[in-house]
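Enquirer: Everything below, folded, please.
(one chain, ligands or ions: 1)
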Amino acid sequence: MSGTTKERVLQALLQVQQDAYVSGAQLADMCGVSRTAIWKAIQTLEQDGYTIISARTKGYRLAEKTDFVDAAHIEPYLQTKAIGRVIHYEKEVTSTQTVASELVKANTPHGTVVIAEAQTAGRGRMERPWETTAGKGIWMTVILRPDLPPHQAPQFTLVAAVAVINAMKALYHNFTPVIKWPNDILVNGKKTTGILTEMVAEADRVNALLVGIGINMNQQMSDFPEELQTIATSVALEEGRSVDRAELVAMICQYLENYSDVYVKHGFARLKMLWEEASGTIGKQIRATTLREVLEGTAIGITDDGVLQVQLASGEVRGIYSADIELT
Ligand code: BTX
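Expert: Residues are numbered from 1 along each chain as shown. Here you go, the predicted model:
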């Protein structure tokens, strides 16, 4: 077991069967620390919001199955080499993107995941606000340090979208998520997920990519502010049951590790087919609002560089690098 004593005690408590107890002596043995250190760790866990039942003759157990997205909950599901092997977890942050950029300055390793129960200033593209219901979604930033030139960074949004969608398909079977180019995942036309890729770059190399992923998981419709109720949905609402956030985080880490390795070695061309398969945009009539103009036409495909191809009524085909898309 790795981590601080508190994390190791939590892992041990999570591992024992529901209703079973683990004694202070056993915990001390498992963690290689004194019983006083165990007692202190239990107190800190209680301050963190865990309810721990202690019975004098039997020891300790967690009161109920807990639903946090800290390392202790994610690690049992994790099968990666690098992504998610360092987890920086907080109850509340301004934005996981902001915390991640600080960690990059402190040289955090490739694959670090910054994750929080709540954000007070979650953001989308162009500083648009991102609504983060506390404890009910996945609000995380994955820090990647690929050896890439800066112009290849924006495509990571597409790579992340394919990873999130395939992780969802591996775990949930009652709905079909589709990618809306470039950064949304929709279910039945409503947004479950937004992805925001930011870059810390030197002159000709990417120093770090901050892949921000926001997923509505266990919200009921009444949890969303009124203005989002017509455009947003959650995985639980679509799947018809509440879902384990830590399990999806681990699955996303796995797919992201596989696909980012493919991307770095072979470019987007190798992932294009997967992206197109998951796309709800290709073949559709769309309106694309770019910073300079509004274009209407049919989305006919995506290039090996991740540029959306739109055929206008005149027959002319235009490449779109960045835009908001509406299906018309
Ligand atoms: P976006 O600019 O494509 O989408 C932002 C728009 O989405 C908002 O203007 C609003 O209309 C809508 N919206 C806001 N909150 C939600 C929500 N919870 N569900 C559905 N629709 C919503 C999308 O940007 C990229 C979002 C990335 C969010 C993650 S969370 C972890 C990381 N930290 C952070 O601050 N941002 C990223």
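
Enquirer: contacting residues for the most centrally placed residue in the chain?
Expert: What sits nearest the mean C-alpha location of the chain, by Cα atoms, centre = their mean, is Ile213, with 4.1 Å. Counting by Cβ atoms under 8 Å, 6 or more residues apart in numbering, Ile213 makes contact with Ile138, Met140, Thr141, Val142, Ala160, Val164, Thr193, Gly194, Ile195, Ile252. C-betas here are computed from N, CA, C, even on glycine.

Enquirer: how close does the first one get to the ligand?
Expert: This points to Ile138. For Ile138, the distance to the ligand equals 8 Å [Cβ to the nearest ligand atom, to the nearest Å].

Enquirer: With adjacent residues omitted, what lies nearest to that residue?
Expert: Among residues not flanking Ile138 along the chain, Ile215 sits closest, at 4.2 Å (Cβ to Cβ, 6 or more residues apart in numbering).

Enquirer: So the one you found belongs to a strand, correct?
Expert: Yes - secondary structure of Ile215 (DSSP: H, G, I helix; E, B strand; the rest coil): part of a strand.

Enquirer: could you list every residue that touches it?
Expert: Taking Cβ under 8 Å, 6+ apart, one finds Gly137, Ile138, Val164, Ile185, Thr192, Thr193, Val235, Leu248 in contact with Ile215.

Enquirer: at 10 Å what do you get?
Expert: In this structure, Ile215 makes contact with 137-140, 164, 167-168, 185, 192-195, 234-235, 243, 245, 248-249, 252, judged by Cβ atoms under 10 Å, 6 or more residues apart in numbering.

Enquirer: Kindly report the same for Gly189.
Expert: Here Gly189 is in contact with Val178, Lys180, Thr230, Ile231, Thr233, Gly280, Leu327 (Cβ under 10 Å, 6+ apart).

Enquirer: Now do stretch 111-118, average pLDDT.
Expert: Averaged over stretch 111-118, pLDDT sits at 98.

Enquirer: ignore the last one, stretch 184-201
Expert: On average, stretch 184-201 scores 96.

Enquirer: for that stretch, which positions count as buried?
Expert: If you call a residue buried by 16 or more other Cβ atoms under 10 Å, then stretch 184-201 has these buried ones: 184-187, 190-200.

Enquirer: Helices of the stretch 151-300 of the chain, residue ranges please.
Expert: For the stretch 151-300 of the chain, the helices defined by DSSP state H, counting those that start in this stretch cover 156-171, 235-239, 245-266, 269-278.

Enquirer: Out of these, which gets nearest to Ile52?
Expert: Among those, the nearest to Ile52 by Cβ to Cβ is helix 245-266 (18.8 Å).

Enquirer: May I have the closest one as PDB, with CA atoms only?
Expert: Taking C-alpha atoms only, helix 245-266 is exported to PDB below (Å, rounded to 0.1, in the frame of the first residue of the first chain):
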ATOM      1  CA  ARG A 245     -17.600   8.200 -10.300                       C
ATOM      2  CA  ALA A 246     -14.300   6.700  -9.300                       C
ATOM      3  CA  GLU A 247     -14.900   3.700 -11.700                       C
ATOM      4  CA  LEU A 248     -15.400   6.000 -14.700                       C
ATOM      5  CA  VAL A 249     -12.400   8.200 -13.800                       C
ATOM      6  CA  ALA A 250     -10.200   5.000 -13.800                       C
ATOM      7  CA  MET A 251     -11.600   3.800 -17.100                       C
ATOM      8  CA  ILE A 252     -11.000   7.200 -18.700                       C
ATOM      9  CA  CYS A 253      -7.400   7.200 -17.500                       C
ATOM     10  CA  GLN A 254      -7.000   3.800 -19.200                       C
ATOM     11  CA  TYR A 255      -8.400   4.800 -22.500                       C
ATOM     12  CA  LEU A 256      -6.600   8.100 -22.400                       C
ATOM     13  CA  GLU A 257      -3.300   6.400 -21.800                       C
ATOM     14  CA  ASN A 258      -3.900   4.000 -24.800                       C
ATOM     15  CA  TYR A 259      -5.100   6.600 -27.200                       C
ATOM     16  CA  SER A 260      -2.500   9.300 -26.200                       C
ATOM     17  CA  ASP A 261       0.300   6.800 -26.800                       C
ATOM     18  CA  VAL A 262      -1.200   6.000 -30.300                       C
ATOM     19  CA  TYR A 263      -1.600   9.700 -31.000                       C
ATOM     20  CA  VAL A 264       2.000  10.600 -30.000                       C
ATOM     21  CA  LYS A 265       3.500   7.700 -32.000                       C
ATOM     22  CA  HIS A 266       1.200   7.800 -35.100                       C
END
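
Enquirer: how about it: buried residues?
Expert: So helix 245-266, judged by 16+ other Cβ under 10 Å, has buried residues 245-257, 259-260, 262-263.

Enquirer: Low-confidence ranges, this structure, go.
Expert: 1-2, 18 (pLDDT under 70).

Enquirer: quick one: what helix or strand has the residue of the chain most remote from its centre in it?
Expert: Ranked by distance from the centre of the chain (Cα atoms, centre = their mean), the top residue is Thr57, with 41.6 Å. Thr57 belongs to no helix or strand when elements are defined using DSSP states H and E.
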